[in-house]
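Asker: Provide a 3D model corresponding to the input given below.
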Amino acid sequence: MDFKVLMNTKEYDFLRTNDRLGDRIMLLGLGGSSLEMKHLVE
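Answerer: A predicted model of the protein is given here:
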């Protein structure tokens, strides 16, 4: 996944348009999780 492209989407506009954030972001951490479904056979 290209995070530069992701950051330029509408969902992340607030990072560029919020007056309180502006150019004050030094570090932006991205995280997530994936769920792996395991089927147990008894």
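
Asker: C-alpha from now on. contacts and neighbour counts both.
Answerer: Will do.

Asker: okay, now the unreliable bits of the protein?
Answerer: 1, 32-42 (pLDDT under 70).

Asker: and the helices in it?
Answerer: All helices of the chain, identified by DSSP state H, fall at 3-7, 14-17.

Asker: of those, flag the one that's most buried.
Answerer: Burial of the helices of the chain is given as mean neighbour count (mean count of other C-alpha atoms under 10 Å); helix 14-17 ranks first at a mean of 14.

Asker: which residues touch it?
Answerer: 21-22 (C-alpha atoms under 8 Å, 6 or more residues apart in numbering).

Asker: now it - C-alpha only, PDB.
Answerer: Coordinates of each C-alpha in helix 14-17 appear next as PDB, following Å, rounded to 0.1, in the frame of the first residue of the first chain:
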ATOM      1  CA  PHE A  14      -8.100  17.000   8.000                       C
ATOM      2  CA  LEU A  15      -4.300  16.500   8.300                       C
ATOM      3  CA  ARG A  16      -3.800  19.300   5.800                       C
ATOM      4  CA  THR A  17      -6.800  21.500   6.500                       C
END
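
Asker: could I get the helices of the chain as JSON lines with distance to Gly29?
Answerer: Listed next are these as JSON lines, based on distance: least, C-alpha to C-alpha, whole Å:
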{"stretch": "helix 3-7", "distance to Gly29": "11"}
{"stretch": "helix 14-17", "distance to Gly29": "13"}
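
Asker: which one, of these, ends up nearest to Leu30?
Answerer: For the helices of the chain, distance to Leu30 was read as C-alpha to C-alpha. The smallest value, 8.9 Å, belongs to helix 3-7.

Asker: contacts for the closest one, please.
Answerer: Helix 3-7 is contacted by residues 12-13 when judged by C-alpha under 8 Å, 6+ apart.
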